[in-house]
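Engineer: need a 3D model of the following:
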Amino acid sequence: MQIDLRANGYGKEPLSLSPTPANIKYAERLRLEILGKIERGTFVLAEYFPDSPRVVKVPAAPAEISVRPTLGEVFAEWLKVKRPEVQHSTALHYQQSLDSYHFDTVRKMLADEFNYRELKLLLAVLPENAKTFNNIASVLSMVLEYAHHAKFLAEPLHLEVKMRKHQAPGPDPFTLEEVEHLLTKFRSERARGYFEFAFFSGMRPSELISLPWANVDLRTGTVLVDSALTRGQVKATKTSTARVLELTSRARNVLERQRKVSQLSGGRVFVDDDGQEFASTDGPMRGWWKPAMKVSGIRQRDARQTRHTFATICLMAGIKPAWAAKQMGHSVEMFYRVYSRWIDHADKGAERRKLDSYISAEPGDMKAEIG
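Structural biologist: Next up is the predicted model:
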């Protein structure tokens, strides 16, 4: 018996079980459990199949690495060095990338035999999708750079790993009218409150599900955003910077209603319909968002657009981009880059009219203003 995970970036993993009806049912449940973890980004191959050839073996200490290490050994050493430097979710992404079947053909190759030709052949069989390719190739590039500096590779092969151009999907926000309509389609008050807060606070989904009552100050109308729940662990925000969010009236009203739901427990602000804390952003997305979108009649979009919607509503209301960027935890530069299309139209020609008024003034009027 075996579990085939090739479609999910891994391989065929054998089970030491005879194909009895009971064992087949067990294997089916195990596969569903694994697929769920892969989808949530929490699957670690070594936890389920420690003897798999795709598992990167981490040496007990750097001194134990072979004089002529294999690429698999270099992968393991790099992961050990890198883990203290990055967030848990980032380290897990690195581990999953290096555990994937994409590196099966070179894992046992001696590092000093890995050359330009071998690299190009490896890159040629990586997924064609530019984003997927870049996600895998960027990890490989970092490993190769480490291997070169550590003298495992004579050539700086990392310089030969070129990222592919891809067009990232831009914001696809809801109009205010669509927001109000969608909010009427949620089946429970908890679901409605959760997404109303998302639309009118601009918080990231990972920040929203980890928000504790200890960070809420209804007296001043502010929320401290200093954490995010990613891949099953609470960590710092995406930018590793805490921020104080000023609550809009709509967001504040949601929290006032939410007090009777979860404040007494002293845990997180938002919980599911059974009163349990969310383990990942999949919970509100699957249980609440998708059913509401399905019956709303609105063009399908995912729940990440709540954040983009907040940004564009701010701009349409005439809010200064710097304030909106601060609320969302963006740099002003990034905010302008992401939302330039809406910024260009938000002033409805007001700034141009100011300029036209100035440059069309009579010379005497301009002298008077200067004087």
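
Engineer: so where's the stretch 101-250 of the chain uncertain?
Structural biologist: By pLDDT under 70, the low-scoring segments of the stretch 101-250 of the chain are 167-168, 231-232.

Engineer: now stretch 291-307: buried residues?
Structural biologist: 292-293, 296, 298, 301, 303-307 (16 or more other C-beta atoms under 10 Å). In this view, the C-beta of every residue, glycine as well, is placed from N, C-alpha and C.

Engineer: mind listing the strands for the stretch 1-150 of the chain?
Structural biologist: 2-4, 12-14 (DSSP state E, counting those that start in this stretch).

Engineer: sorry, back to before: any chance of JSON lines for the buried residues of stretch 291-307, columns pLDDT?
Structural biologist: Shown next, in JSON lines, are those (pLDDT from 0 to 100):
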{"residue": "292", "pLDDT": "96"}
{"residue": "293", "pLDDT": "95"}
{"residue": "296", "pLDDT": "95"}
{"residue": "298", "pLDDT": "95"}
{"residue": "301", "pLDDT": "92"}
{"residue": "303", "pLDDT": "90"}
{"residue": "304", "pLDDT": "89"}
{"residue": "305", "pLDDT": "93"}
{"residue": "306", "pLDDT": "94"}
{"residue": "307", "pLDDT": "92"}
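
Engineer: rewinding a little: same list, the strands of the stretch 1-150 of the chain, but as a markdown table with mean neighbour count and distance to residue 252 please.
Structural biologist: A markdown table is the format used below for the strands of the stretch 1-150 of the chain (neighbours: other C-beta atoms under 10 Å; distance: least, C-beta to C-beta, whole Å):
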| stretch | mean neighbour count | distance to residue 252 |
| --- | --- | --- |
| strand 2-4 | 13 | 49 |
| strand 12-14 | 13 | 50 |
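
Engineer: out of those, nearest to residue 195?
Structural biologist: Residue 195 sits nearest to strand 2-4 of all the strands of the stretch 1-150 of the chain, at 35.9 Å, using C-beta to C-beta.

Engineer: sheet-wise, list the partners of that closest one with their directions.
Structural biologist: With DSSP bridges as the test, strand 2-4 is paired with strand 12-14 (antiparallel).

Engineer: so how far is the strand it pairs with from its chain's centroid?
Structural biologist: With C-alpha atoms, centre = their mean, to the nearest Å as the basis, strand 12-14 stands 29 Å off its chain's centre.

Engineer: what's in contact with that strand?
Structural biologist: Here strand 12-14 makes contact (C-beta atoms under 8 Å, 6 or more residues apart in numbering) with 1-6, 45, 48-49, 52.

Engineer: redo that, cut-off 6 Å
Structural biologist: If you take C-beta atoms under 6 Å, 6 or more residues apart in numbering as the criterion, strand 12-14 is touched by 2-4, 49, 52.

Engineer: burial of residue 315, as a residue count?
Structural biologist: 21 (other C-beta atoms under 10 Å).

Engineer: can you name every helix or strand that the helix or strand hosting it contacts?
Structural biologist: Following DSSP states H and E, the helix or strand that holds residue 315 is helix 305-316. On a contact count with 3 or more C-beta pairs under 6 Å, 6 or more residues apart in numbering; DSSP states H and E, helix 305-316 meets helix 189-201, helix 332-346.

Engineer: other SSEs contacting the last one?
Structural biologist: Packed against helix 332-346 by the contact rule (3+ C-beta pairs under 6 Å, 6+ apart) you find helix 305-316, helix 321-328.

Engineer: hey, which of those is tucked in deepest?
Structural biologist: Greatest average neighbour count among the helices and strands packed on helix 332-346 goes to helix 305-316 (a mean of 22), per mean count of other C-beta atoms under 10 Å.

Engineer: that one versus helix 189-201: what angle between them?
Structural biologist: Angle of helix 305-316 versus helix 189-201, following axes from the mean of the first three to the mean of the last three C-alpha atoms, to 10 degrees, is 40 degrees.

Engineer: got the CA positions of helix 305-316 in CSV?
Structural biologist: The C-alpha trace of helix 305-316 is given here as CSV (Å, rounded to 0.1, in the frame of the first residue of the first chain):
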residue,chain,number,x,y,z
GLN,A,305,-10.2,41.3,-1.1
THR,A,306,-11.7,42.6,2.2
ARG,A,307,-8.3,44.3,2.8
HIS,A,308,-8.1,45.7,-0.7
THR,A,309,-11.7,46.9,-0.3
PHE,A,310,-10.8,48.8,2.9
ALA,A,311,-8.0,50.6,1.1
THR,A,312,-10.1,51.6,-1.9
ILE,A,313,-13.0,52.8,0.3
CYS,A,314,-10.5,55.0,2.2
LEU,A,315,-9.4,56.5,-1.1
MET,A,316,-12.9,57.0,-2.5
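
Engineer: surely residue 173 meets residue 312?
Structural biologist: Yes - between residue 173 and residue 312 there is a contact under C-beta atoms under 6 Å: 4.4 Å.

Engineer: so where is the stretch 251-371 of the chain shaky, pLDDT-wise?
Structural biologist: Residues of the stretch 251-371 of the chain that meet the criterion pLDDT under 70 lie in 344-356, 358, 360-371.

Engineer: can you do 80?
Structural biologist: Along the stretch 251-371 of the chain, the parts satisfying pLDDT under 80 run over 341-371.

Engineer: quick one: closest of the strands of the stretch 1-150 of the chain to residue 82.
Structural biologist: strand 12-14 (25.3 Å).

Engineer: the residue lying closest to residue 332 once chain neighbours are set aside and residue 292, how far apart?
Structural biologist: Spatially, and ignoring its direct neighbours in sequence, residue 332 is nearest to residue 325 (4.9 Å; C-beta to C-beta, 6 or more residues apart in numbering). Distance check for residue 325 against residue 292: by C-beta to C-beta, to the nearest Å, it reads 29 Å.

Engineer: and the helix holding residue 315, how far from the chain's centre?
Structural biologist: Going by C-alpha atoms, centre = their mean, where helix 305-316 is centred and where its chain is centred differ by 19 Å.
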